[in-house]
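Undergrad: Below are the sequence and a predicted model for it; my questions follow.
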Amino acid sequence: MKKLLIIMALMLVSNTGIAQDKLYLIFEFMKVDNEQEQAYMETEAFWEKIHVERVKNGDILGWDLWSLKPGGEDQGYQYLTVSIYNDPLKMMSNAGNFEAALNAAYPDMPEDELNEKFYNTAKSRDLAKRIYLEQIAVTKGDFDMPLGTVAGINLMKVSQENYSIFEQNESELFLPMHQKEVDDGFRANWDLLRYMLPSGSDVYATHITVDMYKNYEQLFSSWANQEPALSEEQMGKIQEALTMRDLKYRYMATLRRKVR
């Protein structure tokens with residue numbers, strides 16, 4: 001399985017011309033029952049120290065924990081963890097020395113206590129969905145994403161024959177508008193991410209856009225911000241671009257934990 005994932009990653013790199021300086025991310029959507037909220041927070045506090053050591057070891061670039069809205073038990077997922085890489089092979093093959101990170105994080109914890117922590121991890125949440133992503137486009141800026149950052153996570157589905165057109169529209173038509181919002185202080189950051197896995201005609205979504213804000217105050221001010229004057233030609237291009245994708249679902253996320 002490990003060799004298969006490496007081969008798939010190499011194929012994706014060669015087929016898409018991926019530059020090695022872009023980011024690769026694993027999104028893991030969690031279902032957490034209401035009565036397990038406290039136990040889940042304790043679980044992620046335990047794992048956060050391990051991720052600190054993984055960053056020190058160069059296994060990952062970072063790790064985040066986000067809470068999701070609406071987040072009701074009948075509305076999908078309540079939490080999202082994000083693992084960040086600079087290398088698709090590391091991401092796909094789960095490279096790194098987990099044992100070294102674990103021992104560095106908890107050098108004096110007895111084995112039976114560690115086993116209990118791992119048992120409680122599985123008990124406190126259901127890891128319902130894992131998505132492997134590559135970053136396609138991103139705004140420029142010095143936003144360092146402090147705790148409390150708010151993000152709109154938009155799950156989009158695009159037909160495979162329209163991938164290149166959709167990504168070109170997002171990069172050439174919408175990215176400049178998002179960059180202006182960043183420059184004017186109405187937005188903190190914007191990302192376009194493409195699914196690497198899962199793939200196929202039955203996937204729920206193929207791309208994710210992330211609208212990031214310092215807090216809800218900045219988010220609401222962006223909504224109140226007057227729309228820029230657009231020509232009829234620009235409006236036509238925007239309307240055509242919007243027909244290229246189906247916005248399947250939108251979560252509002254708040255950053256709860258962060259490791260860099």
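TA: Nice, I can see it. Numbering: from 1, shown residues only.

Undergrad: all helices of the stretch 1-150 of the chain, in order?
TA: Ranges of helices in the stretch 1-150 of the chain, per DSSP state H, counting those that start in this stretch, are 2-16, 37-57, 88-93, 98-105, 111-124.

Undergrad: Do I have it right that residue 53 meets residue 99?
TA: No - if you go by Cβ atoms under 8 Å, residue 53 and residue 99 don't touch, sitting 10.6 Å apart. From N, CA and C alone the C-beta is placed, and that goes for glycine too.

Undergrad: Please say which of those two ends up with more neighbours.
TA: The residue with more neighbours, out of residue 53 and residue 99, is residue 53; 19 against 8, by other Cβ atoms under 10 Å.

Undergrad: residue contacts, residue 147?
TA: 255, 256, 257, 258 (Cβ atoms under 8 Å, 6 or more residues apart in numbering).

Undergrad: Now name the helix or strand holding the third one.
TA: What it means is residue 257. According to DSSP states H and E, residue 257 maps onto strand 246-259.

Undergrad: Give me the buried stretch members for that strand, please.
TA: Within strand 246-259, the residues that count as buried by 16 or more other Cβ atoms under 10 Å are 251, 252, 253, 254, 255, 256, 257, 258, 259.

Undergrad: Equivalent analysis for stretch 56-73, please.
TA: 59, 60, 61, 62, 63, 64, 65, 66, 67, 68, 71.

Undergrad: circling back to that earlier point, what sits up against the strand holding residue 257?
TA: Residues outside strand 246-259 that contact it (Cβ under 8 Å, 6+ apart) are 44-45, 48, 51-52, 55, 62-71, 76-77, 80, 145-158, 204-205.

Undergrad: do that again at 7 Å, thanks
TA: Under the criterion Cβ atoms under 7 Å, 6 or more residues apart in numbering, residues 44, 48, 51-52, 55, 62-69, 80, 145, 147-157, 204-205 lie in contact with strand 246-259.

Undergrad: Tell me how many other residues crowd residue 192.
TA: 23.

Undergrad: Would you mind giving the secondary structure of it?
TA: Following DSSP: H, G, I helix; E, B strand; the rest coil, residue 192 is assigned to strand.
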